[in-house]
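J.: structure here, sequence nowhere to be found:
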């Protein structure tokens with residue numbers, strides 16, 4: 001199943017993306033360049049509630065894929081300084097366009113976001 005998705009794209013999806021709305025928000029924000037997005041705007045575009053949008057934007061910011069301006073309400077842009085993600089995003093977008101169902105199934109097949117977040121707490125990080 002994973003053979004159609006490049007290994008580095010697959011790794012980013014497995015490690016950084018918890019749900020399809022996370023991926024869709026990330027792709028939308030990345031694709032819009034330097035435009036800032038609020039949770040309300042993302043909610044409208046990806047058809048989730050504002051609360052869900054706010055949570056997924058915060059998740060993506062914690063993973064350093066997005067940057068928040070710190071205002072209230074917060075707005076987010078793609079973290080172009082995240083070199084790995086920045087280099088991969090064109091390939092992630094292409095893979096998602098070409099394998100939408102396959103990628104959605106892959107994301108849904110992972111454990112729940114709460115279980116993955118708990119497991120991340122025990123990962124060793126380079127400081």
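T.: Received the coordinates, thanks. Keep in mind that what you see is a predicted model, and the values were worked out from it rather than measured.

J.: residue 67 should be in a strand, yeah?
T.: Yes. When classified by DSSP: H, G, I helix; E, B strand; the rest coil, residue 67 is found to be part of a strand.

J.: burial measure for the closest residue to it other than its chain neighbours, as a count.
T.: Spatial nearest neighbour of residue 67, chain neighbours left out: residue 79 (4.7 Å); criterion: C-beta to C-beta, 6 or more residues apart in numbering. Where C-beta positions appear, they are placed from N, C-alpha and C, glycine not excepted. Residue 79 has 19 neighbours, counted by other C-beta atoms under 10 Å.

J.: what's around residue 61, how many residues?
T.: Residues lying near residue 61 (other C-beta under 10 Å) number 15.

J.: doesn't it lie inside a strand?
T.: No. Counting by three-state DSSP, residue 61 is not part of a strand but helix.

J.: from residue 33, how far out is the closest residue to it other than its chain neighbours?
T.: Excluding the flanking residues, the one nearest residue 61 by C-beta to C-beta, 6+ apart is residue 68, at 5.1 Å. When distance is defined by C-beta to C-beta, to the nearest Å, residue 68 is 17 Å away from residue 33.

J.: which one's more surrounded, those two?
T.: residue 68 (16 against 9).

J.: residue contacts, that one?
T.: Residues in contact with residue 68, defined by C-beta atoms under 8 Å, 6 or more residues apart in numbering, are 57-58, 61, 74-76.

J.: again, but for residue 36
T.: Contacts of residue 36 by C-beta under 8 Å, 6+ apart are 69, 75-77.

J.: from those residues, which one has the minimum pLDDT?
T.: Taken together, the contacts of residue 36 show their lowest pLDDT at residue 69, with 94.

J.: please report the distance of the closest residue to it other than its chain neighbours from residue 96.
T.: Excluding its sequence neighbours, the residue lying closest to residue 69 (C-beta to C-beta, 6+ apart) is residue 75, at 5.2 Å. Counting by C-beta to C-beta, the separation of residue 75 from residue 96 is 24 Å.
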